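Novice: Quick one: sequence plus predicted model below, questions after.
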Amino acid sequence: MQNQRNIRTSGMLKPIRWKTFPRDFFVIQIGFLLYGISIALAIRANLGTGTWAVLDVALSKITGWTPGTMTVLVGFTVLVASLIMREQIGWGTLGNILSIGPWLDLALYFIPSVDNNWPVQLLMLLTGTLLQGIATAIYIGVDAGAGPRDSLMLAITRTTGISYRMARGLIEVSVLAVGWLLGGPAGIGTAIHALLVGTAMQWAFKVFHVQPHRSQEIKAAPAESAAD
């Protein structure tokens, strides 16, 4: 318990590691690129938009603002929730907000839309879900701060002790339910993505040996030893 308290109060901003910054920036952009591709695959599969897009589109209809504007506003709102739960953020958090959008637009330019071909559509959706798990593990593994939505997942896991898979699944299903009730464009692909993306991330974390709170635990250890 003392270790958990130390982790929560070890500082809200991750320091920039200037010596490795060029390499970290390159790696994190690979993660953002894959994330953009994953979203584009789900969109072009035409089986239902991604979970968060369901909410963004629903809110845009209610407010009259563009879905892109709502994506930014929802992202900042989620980030505030993560900060309230004392999750660390860093330059990678801002990079997430600024980078994934352009990569998504580029991917949408090259990936064709598919209709009336269930095998291909399902393959695109599942590939996108898997890529999203891998992309998340890559950019979180840089330890420069997760994106706002992933920060919320990490905060819930840290504060409750449940798995990343369960935390992400609960978030995705909750967002899907709210977006659908507000009139968002949900489909069977949205439900499939919501149920599987947490498992994809959990698997990718293990494969890439990503431990999101490891640096915080290392910092907390000396304090715990001193307290003893």
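Specialist: Sure, I can see it. Residues are numbered from 1 along each chain as shown.
Novice: From now on I want contacts and neighbour counts done on CA atoms only, so please keep to that.
Specialist: Will do.
Novice: what does stretch 136-156 contact?
Specialist: Residues external to stretch 136-156 that are found in contact with it (CA atoms under 8 Å, 6 or more residues apart in numbering): 14, 16, 24, 27-32, 35, 75-76, 78-79, 81-82, 85-94, 96-97, 162, 164, 167-168, 171, 201, 204-205, 208, 210-212.
Novice: Considering helices and strands only, name the one in the protein with the lowest mean pLDDT.
Specialist: Ranked by mean pLDDT, DSSP states H and E, the helix or strand of the chain with the weakest confidence is helix 2-8, at a mean of 42.
Novice: So which of the contacts of stretch 136-156 are in helices?
Specialist: The members of those that map onto helices under DSSP state H are 24, 27-32, 35, 75-76, 78-79, 81-82, 91-94, 96-97, 164, 167-168, 171, 201, 204-205.
Novice: List only those of the residues you listed flagged as buried.
Specialist: Buried by 16 or more other CA atoms under 10 Å: 24, 27-32, 35, 75, 78-79, 81-82, 91-93, 96-97, 164, 167-168, 171, 201, 204-205, out of the ones in helices among the contacts of stretch 136-156.
Novice: List the contacts of Ala53.
Specialist: When the contact criterion is CA under 8 Å, 6+ apart, the partners of Ala53 are 67, 71.
Novice: try 10 Å
Specialist: Contacts were defined as CA atoms under 10 Å, 6 or more residues apart in numbering; by that measure Ala53 touches 39, 43, 59, 67-68, 70-71, 175-176, 179, 184-186, 190.
Novice: Equivalent analysis for Tyr35, please.
Specialist: Neighbour list for Tyr35: 29, 41, 96, 99-101, 103-104, 128-136, 138-139 [criterion: CA under 10 Å, 6+ apart].
Novice: Now Phe208: phi and psi?
Specialist: In terms of degrees, to the nearest 10, the main-chain angles of Phe208 are phi -90, psi 10.
Novice: Now for the residue nearest to it when sequence neighbours are not counted, how many residues are close by?
Specialist: For Phe208, ignoring the flanking residues on the chain, the nearest one in space by CA to CA, 6 or more residues apart in numbering is Ala137 at 6.9 Å. Residues within reach of Ala137, counting by other CA atoms under 10 Å, total 27.
Novice: The helix or strand in which Ala137 is found: what's the following helix or strand?
Specialist: Ala137 belongs to helix 118-141 when assigned by DSSP states H and E. On the C-terminal side of helix 118-141, the closest following helix or strand by DSSP H and E is helix 148-160.
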